[in-house]
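# Test case, fold it:
(one chain, ligands or ions: 1)
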Amino acid sequence: MIQKKGVLPVFIPFVGCPKRCIYCDQNSITDIKLVNFEYDVENQLKYFLQIKRDWSILAFYGGSFNLLNKTQRLFLYDLAKKYKFNKIRVSCYPSGFDNYLIDEFHKHDVAEIELGVQSFSDKVIEVNGRDYSCDDVIGIINRLKSEGFRVGIQIMVGMYGEKLDDVKKNVEVIRTIDFDYFRIYPTVVFENTKLANYKNNLKFSFEEVIAVSSIYYLLASYKGATVLRVGLHNNSNFQNKIVGGYFHPSFGDIIMTFVIYLYLRINEKNRLCRNFPNYKRVIVKSFDVIYDKKITFSEILKTVWSEYFENNRWEIKGEIFDLAKEFWCKANE
Ligand code: SF4
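Got it, this is the predicted structure:
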């Protein structure tokens, strides 16, 4: 029997969204504009099936699946059945989950629900044009988990109005909730968004974005969640539309390398897994390391969190931020 593997992505940019969040330009990010919803969605699916026949899950990204009208939702469930998918992942806005919708999800093979949380700070959520509260999101996550769904969380770093105290709040909440996978996106400013008007008001330096993203990466991994993505997918079609924020084409690599840097520097280790992340060769330039086949990257992640963060050796604005500066300086030498 052929092993089904991979997530087939279908994008429905902005469909269902209650309003446009100030930073969002899904058309540029996905490089897709829907003209005829049903025709364009099915075409995307057919395209990916031509590349590969056997996928384990069908995902609808780029909009607010839970807030689509019922006709659109039923069309997408039927599409999944027509192409023999028995598992669906949906990207959702964190509001509007009622018993009816949850029953509908169960009935139509929705197994994974990804919530565009972005921040757990009520103030940050509001100034970015979103209308739910931190408590609402925690309630939804708990409910979805208790209903047996796999739950993914997206979090943004360096959002408009975000300060380091808001990061502290995010860390406190993420520590307490149960979730299965995680995505981390540094804020990127696209030219045709409201945020472009405030692009000079973003408070974080790039080094602070590195430090904060690493904290989330470590925490999510420590909690046993899979970190599916760090940074926007590098799509050359959108780079000329970026006018500010913290885009870097190798952002994920930078964060993983910084985690290794912390492991060697703070935890004073010198043994590493094979093929360790090594952005701009910072690690081999800075440390004498030995390969140890018993060590995996996930063990490194857990060690850094449990030996450093869990023991409260960190503070927002503390050592990790200085180390991010040191690291980024070495990367750019
Ligand atoms: S961030 Fe999410 S909810 Fe907001 S406009 Fe973009 S896709 Fe819609």
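# Let me see the confidence value for the residue nearest to G161 when sequence neighbours are not counted.
Using CB to CB, 6 or more residues apart in numbering and skipping residues adjacent in sequence, the residue nearest G161 is V127, 4.1 Å away. For glycine as for every other residue, the C-beta is placed from the backbone atoms N, C-alpha and C. V127 is assigned 97 on the pLDDT scale.
# for W314, same thing?
63.
# And for N235?
73.
# Could you measure from the spatially closest residue to it that is not a sequence neighbour over to the ligand?
Using CB to CB, 6+ apart and skipping residues adjacent in sequence, the residue nearest N235 is D31, 6.2 Å away. Distance, D31 to the ligand, by CB to the nearest ligand atom, to the nearest Å: 15 Å.
# same question, L45
Going from L45 to the ligand by CB to the nearest ligand atom gives 19 Å.
# Now do the SS call for that residue.
Recorded secondary structure, L45: helix (DSSP: H, G, I helix; E, B strand; the rest coil).
# Next, the residue nearest to it when sequence neighbours are not counted: phi, psi?
Nearest-residue entry for L45: V10, 5.5 Å, with adjacent residues in sequence omitted and distances by CB to CB, 6+ apart. Per-residue torsions, V10: phi -120, psi 130 (degrees, to the nearest 10).
# and what of Y216?
Dihedral angles for Y216 - degrees, to the nearest 10 - are phi -60, psi -40.
# got the contact list for it?
By CB atoms under 8 Å, 6 or more residues apart in numbering, Y216 lies in contact with I155, V157, N170, V171, I174, F182, I184.
# any idea how far the residue nearest to N235 is from Q239?
D31 sits 12 Å away from Q239, going by CB to CB, to the nearest Å.
# before we move on, back to that, so which of the contacts of Y216 sit within helices?
Of the positions in the contacts of Y216, N170, V171, I174 sit in helices, assigned by DSSP state H.
# Near the ligand, which residues of the chain? Just list them.
Residues of the chain lying close to the ligand (CB under 6 Å from any ligand atom) are F14, C17, R20, C21, C24, Q26, G63, S64, Y93, G116.
# any weak-confidence spans in the stretch 101-250 of the chain?
236 (pLDDT under 70).
# mind listing the strands for it?
When secondary structure is read from DSSP state E, counting those that start in this stretch, the stretch 101-250 of the chain shows strands at 110-118, 150-157, 181-186, 188-190, 226-230, 242-245.
# what separates the fifth one from the chain centre, distance-wise?
Read it as strand 226-230. Centroid separation for strand 226-230 versus its chain: 6 Å, with CA atoms, centre = their mean, to the nearest Å.
# What helices and strands are in contact with that strand?
If you count contacts as 3 or more CB pairs under 8 Å, 6 or more residues apart in numbering; DSSP states H and E, strand 226-230 packs onto strand 181-186, helix 206-222, helix 251-265.
# Filter the residues of the chain next to the ligand down to the buried ones.
Buried members of the residues of the chain next to the ligand, counted by 16 or more other CB atoms under 10 Å: F14, C17, C21, C24, Q26, G63, S64, Y93, G116.
# now the third one, nearest residue through space, not along the chain?
Sequence neighbours aside, G129 is the residue nearest to C21 in space, at 4.8 Å (criterion: CB to CB, 6+ apart).
# The last one now?
Taking CB to CB, 6+ apart, and ignoring the residues beside it in sequence, G116 has Q154 as its nearest neighbour in space, at 5.0 Å.
# For that neighbour, give me its contacts.
Residues near Q154 by CB under 8 Å, 6+ apart: E114, L115, G116, V117, Q118, F182, R183, I184, Y185.
# domains of this structure?
According to automatic domain parsing, the chain comprises the domains 7-248, 258-331.
# Any idea how far apart the tips of the longest one sit?
The first and final residues of domain 7-248 sit 24 Å from each other (CA to CA, to the nearest Å).
# Run the chain-centre distance for that domain.
Relative to the centre of its chain, domain 7-248 is centred 7 Å away, using CA atoms, centre = their mean.
# And the shortest one, by the same measure?
Centroid separation for domain 258-331 versus its chain: 21 Å, with CA atoms, centre = their mean.
# sorry, back to before: single out the most deeply packed of the domains of the chain.
Stretch with highest mean neighbour count among those: domain 7-248 (a mean of 18; mean count of other CB atoms under 10 Å).
# follow-up on the earlier one: what would the residues of the chain next to the ligand look like in JSON lines with secondary structure?
Compiled in JSON lines, the residues of the chain next to the ligand are given as follows (three-state DSSP):
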{"residue": "F14", "secondary structure": "coil"}
{"residue": "C17", "secondary structure": "coil"}
{"residue": "R20", "secondary structure": "coil"}
{"residue": "C21", "secondary structure": "coil"}
{"residue": "C24", "secondary structure": "coil"}
{"residue": "Q26", "secondary structure": "helix"}
{"residue": "G63", "secondary structure": "coil"}
{"residue": "S64", "secondary structure": "coil"}
{"residue": "Y93", "secondary structure": "coil"}
{"residue": "G116", "secondary structure": "strand"}
